[in-house]
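Chemist: Dropping a prediction and its sequence here:
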Amino acid sequence: MKELLEYLAKALVDHPDRVEVTSVEGERSVILQLRVDPADVGKVIGKNGRIAQALRTLVKASATKEGRNAIVEIID
Amino acid sequence: MENEERRATPKSIVVDIMNLMNLRTRVTCWEDDEEIHIDIWGDDLGILIGKGGATLQALQELVTIIVRRNYRETRRITLDVERYKERKRKKLREYAERMAEKAITTRKPVKLNPMTSRERKIVHDVLKEIPGVESRSEGEEPSRRVVITPTSS
């Protein structure tokens, strides 16, 4: 899941080298914290949060496959 | 992914995502002047479709944005999983036809289930071809729906 979010975020931003994902693993859930360059925050959130929502939907689907819940936080 | 020599394509981006999601899939692609269409095939891909197609929609949005911004692609990019969208369109058309018949036999307006604008468009297009009925949409999103009325004759 971490790798998936990292891949997608890097493909969306102007500064892929500044993309950082940290994960806090629980038994049934995982919290993924996404950090990007301040100039790129809009690129991972999108108009009305559309891109952030799409990222969450896809990461959650991937987590469901492993029987877990995933929470994506975008840190700005 | 890190190799800048390799030019990514819409298909290769989808393949990367499938691998990162640990899904065993086969990905096929066709394109013309207006559209790049990617089909994803495999077993047990319900997870990739999601409730009402939500996950598939999210995937399509992300792939579209990634391809557009990195490769100056302007064509429409569409994704489908196991022909899910195509099957859904077929069901919608059949539903519209059944309800049109009902409106004609009962001579009363028939209200359809609430639908998205895209779904309503498909329904209106079907109804246009059926003599003896007219259609319009009423109500506010997200409960906006098509109403079929028999034309007086």
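Modeler: Cool, the structure landed. Numbers count the residues shown, from 1 in each chain, chains lettered A, B, ... in the order given.
Chemist: Buried residues, the longest helix seen in chain A. List them.
Modeler: If you go by DSSP state H, chain A has its longest helix at helix A:50-65. Neighbour-count burial for helix A:50-65 flags A:51-63 (criterion: 16 or more other Cβ atoms under 10 Å in any protein chain shown). C-betas here are computed from N, CA, C, even on glycine.
Chemist: can you pull out the helices in chain B?
Modeler: Using DSSP H, helices in chain B cover B:10-20, B:46-49, B:54-71, B:84-106, B:117-128.
Chemist: care to break chain B down by domain?
Modeler: Listed domain ranges for chain B are B:2-82, B:86-150 (source: automatic domain parsing).
Chemist: so can I have JSON lines of these showing mean pLDDT, distance to A:Ser23 and mean neighbour count?
Modeler: Output for the domains of chain B, formatted as JSON lines (pLDDT from 0 to 100; distance: least, Cβ to Cβ, whole Å; neighbours: other Cβ atoms under 10 Å in any protein chain shown):
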{"stretch": "domain B:2-82", "mean pLDDT": "91", "distance to A:Ser23": "14", "mean neighbour count": "16"}
{"stretch": "domain B:86-150", "mean pLDDT": "95", "distance to A:Ser23": "34", "mean neighbour count": "15"}
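Chemist: any chance of the ones you listed in CSV, plus distance to chain A?
Modeler: As requested, the domains of chain B are exported to CSV (distance: least, Cβ to the nearest Cβ, whole Å):
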stretch, distance to chain A
domain B:2-82, 4
domain B:86-150, 15
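Chemist: Just give me the neighbour total for the closest residue to A:Asn69 other than its chain neighbours.
Modeler: Among residues not flanking A:Asn69 along the chain, A:Ser29 sits closest, at 4.2 Å (Cβ to Cβ, 6 or more residues apart in numbering or on different chains). A:Ser29 is flanked by 12 other residues according to other Cβ atoms under 10 Å in any protein chain shown.
Chemist: give me phi/psi at A:Ser29?
Modeler: Main-chain dihedrals, A:Ser29, degrees, to the nearest 10: phi -140, psi 160.
Chemist: quick one: contacts for it?
Modeler: Applying Cβ atoms under 8 Å, 6 or more residues apart in numbering or on different chains to A:Ser29 gives the contacts A:63, A:68-71.
Chemist: any idea which of these is the one closest to chain B?
Modeler: A:Ala63 (9.8 Å; Cβ to the nearest Cβ).
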